[in-house]
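In: 3D model of this:
(one chain, ligands or ions: 2)
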Amino acid sequence: MVISIASGKGGTGKTTVATNLAVSLGKGVQLLDCDVEEPNAHLFINPVFEKTEVIAASVPEVDEEKCTLCGKCGEICQFKAIVVIGNTVLPFPELCHSCGGCMAVCPEKAIREGERVLGITEAGRRGDLEFAHGRLRVGEAMSPPLIRKVRSLSKSDGITIIDAPPGTSCPVIASIKDADFVLLVTEPTPFGLHDLKLAVGAVRILGIPCGLVINRSDVGDDRVRKYAEEVGLPILMEIPFDRRIAVAYSRGQMLVDVMPEWKEKFLQLYERILTLVNSGKE
Ligand code: SF4
Ligand code: SF4
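Out: Residues are numbered from 1 along each chain as shown. Ligands and ions are numbered 1, 2, ... in the order given. Next comes the predicted model:
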């Protein structure tokens, strides 16, 4: 069972939902923070990290001795990541998507596989809860390969909860693709509604069942609720504004630790998700 927690925009409480759901469920659960540009779930989980891995992408390195400047590598590259300029071949590793095309077409076997470090993955645990995240190298723009690496740490049994990056672009798709359920977290404001619509569009294109958590549910207006009703998006949980929740967040404390009554609500949230997933399989 893979549940991705996503939101159209940042700051809606996505990490609060992901971490508290994971800790409430406890044993047999894995929490993967795929927000590799700004991972922050570990600040609340406080895991003991046991394993770190450097993740690199393969990029071309040209042997100028062998190169005849035929230009075939530049012709096949769709990303302008390798070009012949004058009497030299210039690879641009930051643009490379590691497809291997240039290496395959080079008639002189003048291109060997080099490496561009994308970032690291770190894996550990907090008690029974298993935790992993990725950290994108500063200056690196391509996060989906690192996100896929974090997701590859998912175990086939048990429950995997994924904290996806905000937005609706490639990193989000990499974090929600093939999930059993996507839980969207929003707030009842015009910005929240605008970005929620984009997120629902992306999730529905992928054909993944989804539901909604409304955070700070008693501020703003009821347009998010009306939209959810119109498009058949079930509202699975509402978290009202509470100063104690905001203070706990600012201190890096878990909601379920500070207000234990929320544990039962997160367990009920999981039961609702399970019901929706199972009803889709019938
Ligand atoms: S590996 Fe693919 S993307 Fe990278 S330079 Fe070669 S052809 Fe371009
Ligand atoms: S395909 Fe090979 S030989 Fe031709 S320009 Fe590129 S590196 Fe040089």
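In: average pLDDT across the host helix or strand of R244?
Out: Secondary structure assignment for R244, by DSSP states H and E: helix 243-250. Here helix 243-250 scores 89 as its mean pLDDT.
In: Contact residues of this protein facing ligand 1?
Out: Counting by CB under 6 Å from any ligand atom, the chain comes close to ligand 1 at 60, 76-77, 79, 81-82, 96-102. Quick note: C-beta positions are derived from backbone N, CA and C, even for glycine.
In: S169: which of these is nearest?
Out: Relative to S169, the closest of the residues of the chain next to ligand 1 is H97; by CB to CB it sits at 15.4 Å.
In: ok, for that closest one, nearest residue in space, not its chain neighbours?
Out: Once flanking residues are discounted, H97 sits nearest to F79: 5.5 Å by CB to CB, 6 or more residues apart in numbering.
In: That neighbour reaches S98, doesn't it?
Out: No - counting by CB atoms under 8 Å, S98 is not a contact partner of F79; they are 10.1 Å apart.
In: rewinding a little: please state the offset of the helix holding R244 from the chain centre?
Out: 24 Å (CA atoms, centre = their mean, to the nearest Å).
In: Name the residues that touch it?
Out: For helix 243-250, contacts defined as CB atoms under 8 Å, 6 or more residues apart in numbering pick out 16, 239, 254-255, 257-259.
In: From these, list the buried ones, please.
Out: Burial by neighbour count, 16 or more other CB atoms under 10 Å: within the contacts of helix 243-250 this picks out 16, 239, 254-255, 259.
In: who's more crowded, F79 and S98?
Out: Here F79 and S98 are set side by side on neighbour count (other CB atoms under 10 Å), and the busier one is S98, at 18 against 11.
In: ok, the more buried one touching A56?
Out: No - using CB under 8 Å, S98 is not in contact with A56, being 9.5 Å away.
In: so where do the helices sit in the stretch 51-200 of the chain?
Out: Using DSSP state H, counting those that start in this stretch, the helices found in the stretch 51-200 of the chain span residues 72-76, 101-105, 144-151, 170-176, 190-205.
In: Which residues does the third one contact?
Out: Outside helix 144-151, the residues that touch it by CB under 8 Å, 6+ apart are 32-34, 36, 53, 55, 57, 98, 118-119, 121, 132-134, 136, 162, 165, 170-171, 173-175.
In: can you count the residues close to I214?
Out: Neighbours around I214, by other CB under 10 Å: 25.
In: what about it, which SS state?
Out: What DSSP: H, G, I helix; E, B strand; the rest coil gives for I214 is strand.
In: what about the residue nearest to it when sequence neighbours are not counted, helix or strand, and which?
Out: Leaving aside its chain neighbours, I214 sits nearest to E238 (4.8 Å; criterion: CB to CB, 6+ apart). For E238, the element it lies in under DSSP H and E is strand 235-239.
In: Who are the packing partners of that strand?
Out: helix 14-25, strand 210-215, helix 261-281 (3 or more CB pairs under 8 Å, 6 or more residues apart in numbering; DSSP states H and E).
In: Now find how far off-centre the longest one is within its chain.
Out: Once both centres are worked out by CA atoms, centre = their mean, helix 261-281 turns out to sit 21 Å from its chain's centre.
In: Please apply the same query to stretch 227-239.
Out: Worked out by CA atoms, centre = their mean, stretch 227-239 lies 22 Å from the chain centre.
In: Now do that stretch: everything it contacts.
Out: The contact list for stretch 227-239 (CB under 8 Å, 6+ apart) reads 13, 16-17, 183-184, 193, 196-197, 200, 210-217, 225, 245, 265-266, 268-269, 272-273, 276.
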